[in-house]
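# Let me see the structure of the following:
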Amino acid sequence: MTTNKELKDALLRLDATQLHGTTDVRELTWRVLDGDRRSIRRWTFATIGLWLVAAFIVASAIVLFGTFMPAHAKAMLESGVQFPVAGEKPTPEQMHLILTAFLGKLGFLVTLGVAALGLATIASVCLVTAGRRATLRQVNASLLEISDQLKRLTTPPAKPADNG
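Here you go, the predicted structure:
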C-alpha cells in the first residue's frame with residue numbers, strides 16, 4: 001500500500017511505476033488533492049488574517065501618532081514642564097521628554113509592524129508554494145488519468161475463439 005506522502009511525491013514526478021502497486025490509485029489521488037485544497041484554504045485564511053493584523057497595526061500607528069502630540073503636550077503642561085510656545089526654542093529638558101516618549105512608542109510600533117508584515121509575507125510565500133505544488137499534482141494526476149485512458153484505447157480487443 002502506498003502512503004499519502006509517497007503518492008504526493010509520485011504525483012509531482014509523474015512516476016507511474018511507483019503508483020502501479022497501489023490498490024486504488026484514483027481514490028488515493030483524490031484524497032491527496034483534497035488535502036491540497038484544505039492546505040491552500042488554511043494558508044489563505046492565515047495569510048488574509050496576518051495581512052489584516054499588519055494593516056491594523058499600521059492604522060493604529062497612524063492614529064496613535066495623530067493623537068500622540070496633543071496628549072503629550074497636555075501631559076507636559078500638567079507635569080509642570082512648560083511646552084515651548086510657537087517660535088520659541090524648546091529647552092533641552094523639554095526636547096528630551098518629547099523625544100523619549102516619541103521614540104519609545106515609535107520603536108515599539110515599528111518592531112510590531114515589521115514582525116506582522118514579516119509573518120504576512122512568509123504566509124504569502126507559503127500560500128503561493130502550496131498553490132503551485134497543488135496545481136502540479138492536479139495536472140500530473142490528470143495526465144495519469146489521460147495516460148491510463150490512452151492505454152485502454154490502444155490495447156487491441158481480444159479475438160473471439162474460433163470454433164470451427
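
# Past the worst-scoring helix or strand of the chain on mean pLDDT, which element shows up next along the chain?
Within the chain, no helix or strand scores below helix 16-19, which has a mean of 52 by mean pLDDT, DSSP states H and E. Of the helices and strands lying after helix 16-19 in sequence (DSSP states H and E), the nearest is helix 25-78.

# State the mean pLDDT of whatever helix or strand comes next after that following helix.
As assigned by DSSP H and E, the chain's next helix or strand after helix 25-78 is helix 92-154. For helix 92-154, mean pLDDT is 83.

# tell me what helix 92-154 is packed against?
The contact analysis (3 or more C-beta pairs under 8 Å, 6 or more residues apart in numbering; DSSP states H and E) places helix 92-154 against helix 4-13, helix 16-19, helix 25-78. Bear in mind the C-beta positions are built from the backbone N, C-alpha and C, glycine included.

# Lowest average pLDDT across these?
Among these, helix 16-19 scores lowest, with a mean of 52.

# wait, doesn't Leu144 sit right on Trp30?
No - checked against C-beta atoms under 8 Å, the pair Leu144 and Trp30 is beyond contact range at 11.9 Å.
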